[in-house]
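Q: Would you be able to build a 3D model of this:
(one chain, ligands or ions: 1)
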Amino acid sequence: MANNNLNAAKEAKKDEFYTQLKDINNELRHYREHFRGKTVLCNCDDPRVSNFFTYFAYNFEFLGLKRLITTCYKNQDADLFSQHQSEKAVYLIYEGDKNGNNIPDPEEIGIHPLKGDGDFRSRECIELLKQADIVVTNPPFSLFREYVAQLIEYDKKFIIIGNQNQITKKELFPYFMENKVWLGYGFKGGATHFISKYEDIATAGEHKQGMIRVSGVVWFTNLEIKKRHENIILYRNYNPEDYPRYDNYDAIEVNKTEEIPCDYDGIMGVPLTFMDKYNPEQFELLGLTSGRDEFIARPTKRYENPKQYTNGKVSNGGKVNTHANILYSRPPIGKTYYTADNANGYLVSVYDRILIRKK
Ligand SMILES: C[S@@+](CC[C@H](N)C(=O)[O-])C[C@H]1O[C@@H](n2cnc3c(N)ncnc32)[C@H](O)[C@@H]1O
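A: Next up, the predicted model:
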């Protein structure tokens, strides 16, 4: 229970990270042609502090927008960090510059009360969602899967920030397989700083006052972008030594995306970072090495009575059934390994892999 509270607090902290204008600009410059004549909704954004609101309000004419709607969750205090003190919230509507000064003036922005707290799942917020063509925001990390499911349910276009570990969640990966979601251009080095009042744990060289560095962040979208149609240049040839076969999947291990062999037509296990380079015309997604049977590429065996060996300690080896494993004839030195009644040697699990095949 204490642990659950701690995790909830940790998650809530991540819900209060605010996106820098330069990061929004860096990503959205690739999508300009999608915005003409469209209604944009930012539904996790206090308009007084959200850089998403700033970006769209100040670029309204440049992008040729029809309408901008932003909703503010709970608090109505104009401080930077949501305190969730008020149960009431507001939504704003901006329909462009009226007085010719090219600036969104306060009198040009319509402020409307919401009956509830502005939760994106509330009925009144869903009504605003229905009016939108494109949703753009950094939603609360703790509600990410629910947030995406709602966008898909209402058939909305979106560009949103999330953590890359969401890609392999069982609720989200099928969207990638069905080509309903893909990754945008992303952040330099897969990391960025968010405006945050919480303590920054970044190393001295990366520390920025009033900000927190977060790694593994990506943009999720379902809008067409050029990047999604660029092939990965493949230059390596297959050989069984460099690309061992898994013991429990009919696939080979490829531990770097750039080392995908150009001449292998079977199933391959690749790291998560592959998704950043994925072009659906070049490869098909067949599943994950999570041990689940729901994907096209399924495990070929389930280990019976598995045991884990770490530094001479023996424990339950159930984890071996949720990964792809490579079989060795001798116990590997200095590595955690597994045995099982139906394994003909010593198993070493590889990191989470995405199973793909060349088209
Ligand atoms: C990660 S922050 C990002 C804020 C803003 N989109 C930005 O990028 O600067 C997520 C925001 O969602 C708000 N939020 C939390 N739960 C929400 C909910 N159920 N519905 C709508 N907004 C929510 C938080 O208060 C916070 O402002």
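Q: Enumerate the positions of stretch 186-197 that are buried.
A: 186-187, 192-196 (16 or more other Cβ atoms under 10 Å). Where you see a C-beta, it was placed from the backbone N, CA and C, and this is true even at glycine.
Q: Same list, these, but only the ones touching the ligand.
A: Among the buried residues of stretch 186-197, not one lies near the ligand by Cβ under 6 Å from any ligand atom.
Q: Just the residues you listed: which are in strands?
A: Using DSSP state E, 192-195 are the members of the buried residues of stretch 186-197 that sit in strands.
Q: For R121, state which of those is nearest.
A: R121 has its nearest neighbour among these in F194, at 23.2 Å by Cβ to Cβ.
Q: just checking, the closest one touches D15?
A: No. Using Cβ atoms under 8 Å, F194 is not in contact with D15, being 11.1 Å away.
Q: So which of the ones in strands among the buried residues of stretch 186-197 is the closest to D105?
A: For those, the nearest to D105 is I195 (24.5 Å; Cβ to Cβ).
Q: Give me the neighbour count for the closest residue to that closest one other than its chain neighbours.
A: Spatially, and ignoring its direct neighbours in sequence, I195 is nearest to Y18 (4.0 Å; Cβ to Cβ, 6 or more residues apart in numbering). Look at Y18: counted by other Cβ atoms under 10 Å, it has 21 neighbours.
Q: can you check V40 too?
A: 27.
Q: interface residues of this protein facing the ligand?
A: Neighbours of the ligand within the chain, by Cβ under 6 Å from any ligand atom: 15-19, 44-46, 50-52, 73, 82, 118-120, 137-140, 143.
Q: rerun that using 8 Å as the cut-off
A: 14-19, 24, 42-46, 49-52, 71, 73-75, 82, 84, 117-122, 125, 137-143, 161, 194-195 (Cβ under 8 Å from any ligand atom).
Q: So which of these are in helices?
A: Cross-referencing these against helices under DSSP state H gives 14, 24, 51-52, 125.
Q: so for stretch 122-129, what's the average pLDDT?
A: Confidence for stretch 122-129, expressed as mean pLDDT, is 97.
Q: try stretch 29-45
A: Confidence over stretch 29-45 (mean pLDDT, whole number) is 97.
Q: do the same with stretch 217-230
A: Here the average pLDDT along stretch 217-230 is 97.
Q: what's the distance between it and the middle of its chain?
A: Centroid displacement of stretch 217-230 relative to its chain, using Cα atoms, centre = their mean, to the nearest Å, is 12 Å.
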